[in-house]
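Enquirer: okay, predicted coordinates and the sequence, questions at the end:
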Amino acid sequence: MKKVITAVAVLATLATGALAEENRALEGRKGQFNILALNLGVLGGMAKGSVPYDAAAAQAAADSIVGVSMVHQATLFPEGSDNMSIDETRAQPSIWENWADFESKWADLGTAAKGLQTAAAGGQEAIGPAMGPLGGACKACHDTYRAPE
């Protein structure tokens with residue numbers, strides 16, 4: 001009986017560890033997307049003129065977007081962290097079925113982010129056109145791998 005209780009305790013600990021890892025990954029990727037949204041909001045406000053252009057703030061926001069685009073996605077998207085397996089995510093299972101394409105779309109985001117980083121120093125009028133490719137990269141991934149609300 002003691003061996004059965006020990007085995008159950010070990011399995012429960014392993015399951016809890018896996019759940020904790022899954023939750024950390026989910027929280028990490030939510031944080032990643034929050035950082036992207038925050039910085040895109042800063043740059044979008046400047047591009048529209050609703051926020052005064054500030055070269056240092058624009059560069060910092062663009063640099064942050066590039067930094068986020070460099071995060072290794074496999075750590076934040078472990079298999080089994082899709083919307084069919086857990087709540088609080090819109091990540092579709094097709095991400096893991098087409099991992100190479102998902103990574104390619106993430107790389108496209110990085111390329112567009114670097115373009116925005118270069119444009120940020122060019123003044124308010126340069127930001128908007130550079131945000132187009134970044135938005136397109138976001139949309140390409142969301143259209144394919146993100147479930148609707």
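Expert: Nice, I can see it.

Enquirer: what mean pLDDT does stretch 92-103 have?
Expert: Mean per-residue pLDDT for stretch 92-103: 97.

Enquirer: I meant stretch 65-78, not that one.
Expert: On average, the pLDDT along stretch 65-78 is 96.

Enquirer: check stretch 44-62 too.
Expert: Across stretch 44-62, the per-residue pLDDT values average to 96.

Enquirer: what residues of that stretch count as buried?
Expert: Buried positions in stretch 44-62, judged by neighbour count with 16 or more other Cβ atoms under 10 Å: 44-47, 51, 53, 57-58, 61-62. For the C-beta atoms, the positions are set from N, CA and C on the backbone; glycine is no exception.

Enquirer: and which of those is nearest Pro93?
Expert: When the buried residues of stretch 44-62 are compared for distance to Pro93 (Cβ to Cβ), Gly44 wins out at 31.2 Å.

Enquirer: so what's that closest one up against?
Expert: By Cβ atoms under 8 Å, 6 or more residues apart in numbering, Gly44 lies in contact with Met131.

Enquirer: just to revisit the earlier point, helices - which of the buried residues of stretch 44-62 land there?
Expert: Among the buried residues of stretch 44-62, the ones falling in helices (DSSP state H) are 44-47, 57-58, 61-62.
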